[in-house]
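S.K.: From the sequence below, what's the structure:
(one chain, ligands or ions: 1)
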Amino acid sequence: MLRYFTAGETHGKCLTVIIEGMPSGVEIDLDAVNEQLARRQQGYGRGGRMAIEKDKAEILSGVRGSKTLGSPIALKIENKDWRNWENIMGTEKCTDERAVDCPRPGHADLTGGMKYNHTDLRNVLERASARETAARVAVGAVVRQVLEPFGVRFLSHVKRIGSVWDTADVDAPDFYERVKNSPVGFGNVDDAKKAMEYIDKIKADGESCGGIVETIVKGVPAGLGSYVHYDRKLDANIAFGVMSVQAIKGVEIGMGFEAARLPGSSVHDEIKYADGFSRVTNNAGGIEGGMSNGEPIVVRAVMKPIPTLYNPLATVCIKDKSPRKATVERSDVCAVPACSVVVESAVAFEITKAFLEKFGGDCMDDVKAYYDAYMERIKTY
Ligand code: EPS
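M.R.: Here you go, the predicted structure:
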């Protein structure tokens, strides 16, 4: 089973990842991993930290001559900011300079402090921080390389920032090129301008903002996941992976919540046959009965506004219980474009995991042999 662990505090020395369950013989392109890390660092509305970091992954084990060995893969991403925090975050000695005792509403601060019995809430925020998403992007970028020979492609974009929607047509041929060049991950240039103005206003008000991101996966064969047991359902596992991303409050597949409003005939995708089965529409977002059905997989997620507000909300000091204003930590005003890269990575992990569950073998030759035999068989079903 494909799995991974991450470790690391936002102002600690580094982020560390161990990925277990990769077959041997997967070509690993480290530049492609670093490209994804760079994508995550971009976006209009980010804070000062991104000017400090130049995220790069270093592979420590599990790969030899750019090919996986089948053994656990360890990765490291350095925190350049560590040099400014060594005294505060030292693993042997530390000071309580920058201690936090006024929890931010919406952050893990208060409940995390109560749960782990911390008197300095920095002990919570350091790990709860979305800095950890750099590690998750590295994981997604490594494991998706299993899928490369099979033509599976991951695409993502931002659909909404605060009150501003991207009205671009996602099926336009140059849509993703425009998304790539947009500071807010939109396809429509005028809407992108409005979103940036919105972010400027939010910033001036000492506020933060959230949005909606979408990931589309193309080239996934029918039959990943299963209807036979709840924990093998592909949509359930995707929802879990995406919901576990910091600040995500909702996940939809395909038509999602809209399906509540419409009659069955407007929701379910009619079946056609021409050299294989396909669907006339894709309201199901490529998943029926917990299994991929061969259509593109469409996942949307809602990111709430980041809880650090420069114009802070009311809170209570955990020491003397007096009413106070929440702590202000350096933060982003808007991290929705970065979130779209993180959600894409979380989806990439779940798709790769399901792919290896279906076609898994110890080496890529076995995976390819099983994949080819299966594709041949379903072609004539
Ligand atoms: C982030 C790094 C963090 C935050 C942000 C995401 O760095 P720092 O705390 O040093 O500014 O900028 O995390 C949050 C806003 C949060 O609330 O968790 C990153 O690498 O993406």
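S.K.: now for the longest helix along the chain, which elements pack on it?
M.R.: The residue-count maximum for a helix in the chain (DSSP state H) belongs to helix 336-359. Contacts defined by 3 or more C-beta pairs under 8 Å, 6 or more residues apart in numbering; DSSP states H and E place helix 336-359 against helix 30-41, helix 133-143, strand 153-161, strand 211-218, helix 234-243, strand 297-303, helix 364-379. All C-beta atoms are positioned from the backbone trio N, CA, C, and that covers glycine.
S.K.: Now mean pLDDT too, for the ones you listed, in JSON lines please.
M.R.: Converted to JSON lines, the helices and strands packed on helix 336-359 look like this (pLDDT from 0 to 100):
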{"stretch": "helix 30-41", "mean pLDDT": "98"}
{"stretch": "helix 133-143", "mean pLDDT": "98"}
{"stretch": "strand 153-161", "mean pLDDT": "98"}
{"stretch": "strand 211-218", "mean pLDDT": "98"}
{"stretch": "helix 234-243", "mean pLDDT": "98"}
{"stretch": "strand 297-303", "mean pLDDT": "98"}
{"stretch": "helix 364-379", "mean pLDDT": "97"}
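S.K.: Which of these sits closest to Ser278?
M.R.: For these, the distance to Ser278 is smallest for helix 364-379, at 12.3 Å, taking C-beta to C-beta.
S.K.: which residues are contacting the closest one?
M.R.: With contacts defined as C-beta atoms under 8 Å, 6 or more residues apart in numbering, helix 364-379 is touched by 23-26, 146, 149-150, 221-223, 276, 356, 358-361.
S.K.: Return that helix as PDB; C-alpha atoms alone will do.
M.R.: What follows is helix 364-379, C-alpha atoms only, in PDB (Å, rounded to 0.1, in the frame of the first residue of the first chain):
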ATOM      1  CA  MET A 364       7.200  -1.200 -12.900                       C
ATOM      2  CA  ASP A 365       7.500  -4.000 -15.500                       C
ATOM      3  CA  ASP A 366       4.800  -5.900 -13.500                       C
ATOM      4  CA  VAL A 367       2.600  -2.800 -13.200                       C
ATOM      5  CA  LYS A 368       2.800  -2.300 -17.000                       C
ATOM      6  CA  ALA A 369       2.100  -5.900 -17.800                       C
ATOM      7  CA  TYR A 370      -1.000  -6.000 -15.500                       C
ATOM      8  CA  TYR A 371      -2.200  -2.600 -16.900                       C
ATOM      9  CA  ASP A 372      -1.800  -3.700 -20.500                       C
ATOM     10  CA  ALA A 373      -3.600  -7.000 -19.900                       C
ATOM     11  CA  TYR A 374      -6.500  -5.200 -18.100                       C
ATOM     12  CA  MET A 375      -6.900  -2.500 -20.700                       C
ATOM     13  CA  GLU A 376      -6.900  -5.200 -23.400                       C
ATOM     14  CA  ARG A 377      -9.600  -7.100 -21.500                       C
ATOM     15  CA  ILE A 378     -12.000  -4.200 -20.900                       C
ATOM     16  CA  LYS A 379     -11.600  -3.100 -24.500                       C
END
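S.K.: tell me how far it is from the chain's mean position?
M.R.: 29 Å (C-alpha atoms, centre = their mean, to the nearest Å).
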